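Novice: sequence first, predicted model second:
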Amino acid sequence: MKKSIIVILIACCSLVIRAQKGGSSTYDFLNLTSSAKVGALGGNNISLKDSTDLNMAYHNPALLHASMDNSLVFNFVPYVGDTQYGYVGFGKEFKNVGTFSIGIMNMNYGEFDRADDVGNILGTFSAAEYSFNIAYSRQFSPNFSMGMAIKPIYSKMDTYQSFGIATDFGIAYFKAESGFSFGATIKNLGSQITSYDDTYEELPTDFQIGISKKLKHAPFRFSITAQNLLVWDTDIENEDDNYVIDDISFGDNLLRHMVFGVEFLPTKNFHVDFGYNHKRRKELGYSEKMSTAGFSWGFGFKAYKFHVAYGSARYHLGGTSNHFSISTNLSSF
């Protein structure tokens, strides 16, 4: 098993070398999380293998497993201003084949005023983006699984449209006796099929690694997710004159690649979650008054046959996103 993991990681690294190294990208909504639990854990988690939350498959397709058979999940996030997005997903297990899930991510940017070059209002227009997710995972041993997801993408900005396709590949390792789990994933490999005009942009490709560990004699589980691993330097540069806005130390730069989460799990039917995203705090926080920018929290509980969860993530002094999730398993009915 250890040899298999090493081989897979080497393969992942070879794909990373071929992936984009930075710059602007399109379809950045693919990096958002609609899950209340993941939102509360800092905005990203790819290693919670023992979770029965189907939302985890959106972050790492290898986290799909048989316990998610007939799972149904609905998410909604009232985002910044009139922007809102959500995700609906369904999972199905096929014996001796593996676990599949289908879902759709919708990003709605609201309505905007249409004006001419001198400011005369000519009406309104809307903008929205969609990702249709088809994921598959197979368990190769009691501890190890692999998965992949195909994501056709449609984006419409007023009269401009774009089609694209992205693919995720992931692995997951879980050892129940020690409460340890590991995940690695390459996200959003692909390209635009048609662009908004004649300019083709790269997708927000990323390579991520994460670990989670549940304490044996205490109801706590800790997670660390390393993200944005394709580009080490997080300095913001001006391409015209190569001017660096932020002079970031090694330690600060390292922490900007990390998302930290902790769960309090007193019972199977209730949990409280906390997270910290250093990159979010440093890039969006107001230097004069940082407040709780970068921190997040949430909770979840089971009521009747439904699991309800809420997550709150503080982006900056004047902006907080609220995540709402409700899930159920149709087999329970």
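Specialist: In hand now; what should we look at?
Novice: quick check: Asp228 vs Gln208, distance?
Specialist: If you look again at residue 228, you'll see it is Asn, not Asp. Asn228 sits 8 Å away from Gln208, going by CB to CB, to the nearest Å. Where you see a C-beta, it was placed from the backbone N, CA and C, and this is true even at glycine.
Novice: same check, this time on Phe90
Specialist: Counting by CB to CB, the gap from Phe90 to Gln208 is 25 Å.
Novice: the two: which is more packed in?
Specialist: Applying other CB atoms under 10 Å to Phe90 and Gln208 shows that Gln208 carries more neighbours, namely 24 against 15.
Novice: enumerate every residue touching the closest residue in space to that one that isn't next to it in sequence.
Specialist: Excluding its sequence neighbours, the residue lying closest to Gln208 (CB to CB, 6 or more residues apart in numbering) is Gln227, at 4.7 Å. By CB atoms under 8 Å, 6 or more residues apart in numbering, Gln227 lies in contact with Asn44, Asp206, Gln208, His257, Met258, Val259.
Novice: of those, closest to Asn329?
Specialist: Among these, Asn44 lies closest to Asn329 (CB to CB), at 25.0 Å.
Novice: ok but the closest one is inside a strand, no?
Specialist: No - with DSSP: H, G, I helix; E, B strand; the rest coil as the criterion, Asn44 is located in coil rather than a strand.
Novice: Met258 versus that one, what's the distance?
Specialist: Asn44 is 10 Å from Met258, by CB to CB.
Novice: now the common contact residues for these two.
Specialist: With CB under 8 Å, 6+ apart, Asn44 and Met258 have common neighbours Thr225, Gln227.
Novice: more neighbours: these two, which one.
Specialist: The residue with more neighbours, out of Asn44 and Met258, is Asn44; 24 against 18, by other CB under 10 Å.
Novice: I figured the more buried one hits Met56, correct?
Specialist: No - shown here, Asn44 and Met56 do not form a contact pair, counting by CB atoms under 8 Å, at 11.2 Å.
Novice: list the residues that contact both of those two?
Specialist: Joint contacts of Asn44 and Met56 (CB under 8 Å, 6+ apart) are Val38.
Novice: tell me the secondary structure of the closest residue in space to Gly319 that isn't next to it in sequence, please.
Specialist: Once flanking residues are discounted, Gly319 sits nearest to Val80: 5.8 Å by CB to CB, 6+ apart. Look at Val80: counting by three-state DSSP, its state is coil.
Novice: what about Val80, how many residues close to it?
Specialist: 13.
Novice: got any ranges where the stretch 151-300 of the chain has weak pLDDT?
Specialist: Filtered on pLDDT under 70, the stretch 151-300 of the chain yields the residue ranges 235-246.
Novice: ranges for the helices of it?
Specialist: Per DSSP state H, counting those that start in this stretch, the stretch 151-300 of the chain carries helices over the ranges 250-255, 278-284.
Novice: which among those is found nearest to Thr124?
Specialist: helix 278-284 (28.7 Å).
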